[in-house]
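*Asks:* For reference, the sequence and a predicted model appear below.
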Amino acid sequence: MVAAGQVRSRSRRFVVLLLGVLLAVLTLSTLMAPPAHADDVNTTKYSYIFSGNVKYNNKPLAGVDITVSGNGYKAKVKTDEKGQWSVGVPKKKTYTITLDESTLPKGVIVTKGANEIQAKFGFTDEKSVNFFLGKGERQVVSFTDQLIGRAISGLNFGLMLALASIGLSLIYGTTGLANFAHAEFVTFGAVMTFAFSVLLSFPLWLAVPLAIVLSGALGWILDIGLWKPLRKRGLSIVQLMIVSIGLSLGLRYVFQYFIGGGTLQLPDTGSTKITLFGPVVLSRTDIISMSISIVVLVAVAYWILRTRTGKATRAISDNPALAAASGIDVDRVICLLWILGAALAGLSGILWAYFRPGIKWDMGWQLLLLIFAAVVLGGLGTAFGALVGSLVVGLLVEISTLWLPSDLKYVAPLTILIVVLLFRPQGILGRKERIG
Amino acid sequence: MDWGFIFSNTASWLLAPETIAYAIATVGLAVHFGYGGLLNFGQAGFMALGAYGYAISILTFHLPWWAGILVGMAAAVVFAFILGLPTLRLRADYLAIVTIAAAEVVRLLFNSTIWESVTGSANGLGGYHESFDAANPIPPGTYGFGPFQFNANDWWMRIFGLAVLAVALVVVWLLMRSPWGRVVKGVREDEDAVRALGKNVFSVKMQVLVLGGVLGSLGGVVLALPSAVVPGVYLPSLTFFLWTILLLGGAATIMGPVLGSLTFWLIMAFLSVLLPAMSSAGLLPFMTTVQAGIVRFIIVGAALMLIVVFRPQGFLGNKKELTFNAR
C-alpha cells in the first residue's frame, strides 16, 4: 500500500495508466494471430499452454524473465526478440506467473503490484497472460519515512485487531473458554456487509450497521443455542475448546460454500490517498477506519470501567461463584459479552476487509492466531491487556516487513508470543494467579 | 450415478498412503493427548518437519532415504524441545495456543521465498523418490485385485507405511503398559499426585511430547512418499482433522487412531465422489458441484463438535479414561 504508487504525482499516474491500457489493447490484438516464434518451454511436453507478449510502447521487449509456478511445477522462460513467450504446464489448474522486474529495461516498470498474476485456464487449453507495463522508476523511500508509514499502518491494524480481541478476552475471562471460532465473527461481519452493500445494493451507512447487528445476533444465537446448554451440561473447558474448533472449521466451510474460494471486494475499496503531513499518507478509508476504531474502543473502555454491567463483568472474571452469590446474573452478563464480542469482531472484519483489501472465506482464520497472540501478550482475560497486546502485535506485523519479506510478517508476532510465555506467561497486564 | 466407481474409489482409500500417514500421526497425538493429557494443536508442524526433513536431506544433502527419515525425526525432537520448554509448565490451554502458533511459524518459514532454493517456497518439493524407489524389493509390475491394484512402487510405499504404523502401534502399546506408561497416565490424571511421589512431571511431559512428535514426523514422511511436499498441506486444518480422527476412534486407545483414520477417510472419500455425482445428476438442486464438494468439510466440523459433546470417548475409548478434566 505504501512504497511505489503514492509518491508519483496524479497526472503522471494517469499517463502511466493510459499507456498500460493502450498496451493491453495492443497486446491483445496482436495475440489474435497465433504466436509465431515465441520462446517455448515444455510446450510440446505438456498440452496446457500459457503464452504472452511483453511490449512497451508497441516495442517488443526481449530477454525479460518470466516464471510460471504452481502445483509442484516451475518453469522459467525468457522473451524472444518479438517479446513473446510460452510455457507448457502439466495440469489445467491455477498457476502463478511472475515477471522479473529487474530484467526490464531502465525506466519501464510493471504498473502497481501486477508483476505476479494468478492465471487460470478457461474452456480451452491455452491461455494468454499479459502484464501491464508503464513508464516509471522504481521508487526509493527513505528509511524513516518507511518506518513512519509502516507504524501508522500498524496502528490502524492494531486498532482493528483490538476490536476483535476484546470479545475473545472477555469471554475467556468470564467462562474460561478459548474460543477458536471467534474469528468467524470477523469473516461473518465482512460477508454480511458484502451481502447488503453489493448483492442488495444498500448504501454503506445502512449495510455496515446491519452487518454489525447481525454479527451480534450470531453471537447471541451461539450463546443461547450452543454455549449455554454446553456449560449447563458441565463440559470441561478443554471439551468446549474442541467444540469451538469444530465450529470454526464448519463455519469456515459454510462461508466458502456461499462465497466460494475467491476474493470479494466491498464498494469504495481503493479510495484516494491524502497526504496529511510529511511522510504520512492515508486514504480516506484509513482515516474513517481508525476514527471508528478509536471511538468504539473508548466507548468499550467506558462501559467496562463505569457501567454496572461492566463492573459485573470484571467481578465475574475475578470469581464467578462469588459474583453469582452477590446477586449478579452471571448467564445474562455472559450472554451480553457474547453479543458485544461478536459485534465488535464483526466490525473489525468490515474494517479489515477494507485494510487487506478483500473478503475471503478464511480471512478470519488468518487473523485468529494474531488475535490469540495479542490476547496472550496482553494477558488472557483482561480487556485492556487485549488492547495493549493488539497494538503491539499490529505494529510488529507492519514494522517487521521493513526487514522481513512480507510472506513472513505473521511470524514475528507468533514468535514473540512463544517468547513472552517463557519470561512473563501472564502477559503484560495479566496477574500471576491466572496462569495456574 | 456410477455406484461401482463410487464404491471402488471409496474402498481404495482403505490402503491409501494418506490414510496410513494420518493414522501414524494420530498415534502420536494419542500419546500426547490420550495418554499424556497434553493439548497439542501443532501436530501439522511435526508432520511438516518430518516431510521437509526427509525431502530436503535427499534433495539438498543427497542423503539416502533412510537417513532422510532420521533427519525428519531429529527435527521433530528439536521442535518438541523448543515447544515444550516454555509451555509445559503452563496450563493446558496455553499449550494449545502455543503449539498451534508454533506449527504455523514452521509452515510460514517453509512457505517463505527466502529459502526457496532449499524449501521450494509455496510450490514445495518434488522428485525425491529415486532413492526410496530404488530400495523397493518388489519386482516391477501391477499387483492386486479390484480397487487395490497398484504398481510395485505404490505397493512399496503402502507396505512401508503399514510397517511404520505397525511398529508405532507396538511401541506405544508396550510403552503404555510399562511403568513409564503408568507414570504418563498418572500425570494426565493428577499431576500433583505424581509429583508427590517424587517423579519429575516436567521431564515426563517432555518425553511424551518428543515421542508423539517423532510419530507425527513419521506420519509426515509417509504422507510425503507418494507425491510432493507442499506447505499448503500442513495447515492447522490438518491438525484438526487429526483431532477428529483421534476423538472418533478413542483418545487413550491403541487401535483408536487406526479405526478413526479409516472411518474418516472412507467417509471423506465416499462423500467427495457421492455429493458431486448427486449434484450433477440433479439430485441436489440447491447446490453446484463445487459447493457439493465443500459440504463434507462442514460435516467434519459438525462431527467434531458432536463427538466431543455426545461421545467424547470415541468408538473404542473407556469413559473412565477421559482426559478432558484439564486444570
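*Replies:* Okay, I see it. Numbers count the residues shown, from 1 in each chain, chains lettered A, B, ... in the order given.
*Asks:* The residue in the stretch 151-300 of chain A that chain B sits nearest to: what's its closest spatial neighbour, skipping adjacent residues?
*Replies:* The stretch 151-300 of chain A approaches chain B most closely through A:G250 (2.6 Å), counting by Cβ to the nearest Cβ. For glycine as for every other residue, the C-beta is placed from the backbone atoms N, C-alpha and C. In space, and not counting its chain neighbours, A:G250 is closest to B:G301: 2.6 Å by Cβ to Cβ, 6 or more residues apart in numbering or on different chains.
*Asks:* which residues in the stretch 151-300 of chain B form helices?
*Replies:* B:152-176, B:179-189, B:191-196, B:201-224, B:236-249, B:256-280, B:289-310 (DSSP state H, counting those that start in this stretch).
*Asks:* quick one, which of the ones you listed is nearest to A:S153?
*Replies:* With Cβ to Cβ, the closest approach to A:S153 among those belongs to helix B:236-249: 26.2 Å.
*Asks:* Could you figure out how far the closest one is turned away from helix B:201-224?
*Replies:* 110 degrees (axes from the mean of the first three to the mean of the last three Cα atoms, to 10 degrees).
*Asks:* Helix B:236-249 - contacts with which helices or strands?
*Replies:* helix A:237-259, helix B:17-29, helix B:43-59, helix B:92-111, helix B:256-280, helix B:289-310 (3 or more Cβ pairs under 8 Å, 6 or more residues apart in numbering or on different chains; DSSP states H and E).
*Asks:* what does the stretch 151-300 of chain A put close to chain B?
*Replies:* Contact residues, the stretch 151-300 of chain A versus chain B (Cβ under 8 Å from any Cβ of the partner chain): A:178, A:230, A:233, A:235-239, A:241-243, A:245-254, A:256-257, A:260.
*Asks:* Weed out the non-buried ones from those residues.
*Replies:* A:178, A:230, A:235-239, A:241-243, A:245-254, A:256-257 (16 or more other Cβ atoms under 10 Å in any protein chain shown).
*Asks:* Redo the helices of the stretch 151-300 of chain B as a markdown table? Include mean pLDDT.
*Replies:* Rendered in a markdown table, the data for those read as follows (pLDDT from 0 to 100):
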| stretch | mean pLDDT |
| --- | --- |
| helix B:152-176 | 95 |
| helix B:179-189 | 92 |
| helix B:191-196 | 91 |
| helix B:201-224 | 95 |
| helix B:236-249 | 92 |
| helix B:256-280 | 90 |
| helix B:289-310 | 89 |
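*Asks:* can those go into a markdown table with extra columns for mean neighbour count and distance to A:I288?
*Replies:* As requested, these are arranged in a markdown table below (neighbours: other Cβ atoms under 10 Å in any protein chain shown; distance: least, Cβ to Cβ, whole Å):
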| stretch | mean neighbour count | distance to A:I288 |
| --- | --- | --- |
| helix B:152-176 | 17 | 55 |
| helix B:179-189 | 17 | 52 |
| helix B:191-196 | 14 | 51 |
| helix B:201-224 | 26 | 46 |
| helix B:236-249 | 26 | 33 |
| helix B:256-280 | 21 | 42 |
| helix B:289-310 | 19 | 34 |
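*Asks:* I'd like those helices as JSON lines, with distance to A:N115 appended.
*Replies:* Listed next are these as JSON lines, based on distance: least, Cβ to Cβ, whole Å:
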{"stretch": "helix B:152-176", "distance to A:N115": "39"}
{"stretch": "helix B:179-189", "distance to A:N115": "53"}
{"stretch": "helix B:191-196", "distance to A:N115": "55"}
{"stretch": "helix B:201-224", "distance to A:N115": "32"}
{"stretch": "helix B:236-249", "distance to A:N115": "30"}
{"stretch": "helix B:256-280", "distance to A:N115": "36"}
{"stretch": "helix B:289-310", "distance to A:N115": "30"}
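*Asks:* who wins for proximity to A:K59 among those?
*Replies:* Comparing the helices of the stretch 151-300 of chain B by Cβ to Cβ, helix B:289-310 comes nearest, at 42.6 Å.
*Asks:* need the residues of the stretch 301-436 of chain A near chain B, please.
*Replies:* Checking the stretch 301-436 of chain A against chain B by Cβ under 8 Å from any Cβ, the hits are A:365, A:369, A:372-373, A:376, A:405, A:407-408, A:410-411, A:414-415, A:417-419, A:421-422, A:425, A:435-436.
*Asks:* Just the ones in strands from those, please.
*Replies:* If you go by DSSP state E, those have nothing in strands.
*Asks:* residues contacting the closest residue to B:N136 other than its chain neighbours?
*Replies:* Among residues not flanking B:N136 along the chain, B:W156 sits closest, at 4.1 Å (Cβ to Cβ, 6+ apart). Counting by Cβ atoms under 8 Å, 6 or more residues apart in numbering or on different chains, B:W156 touches B:132-133, B:135-138.
*Asks:* Understood, closing this out.
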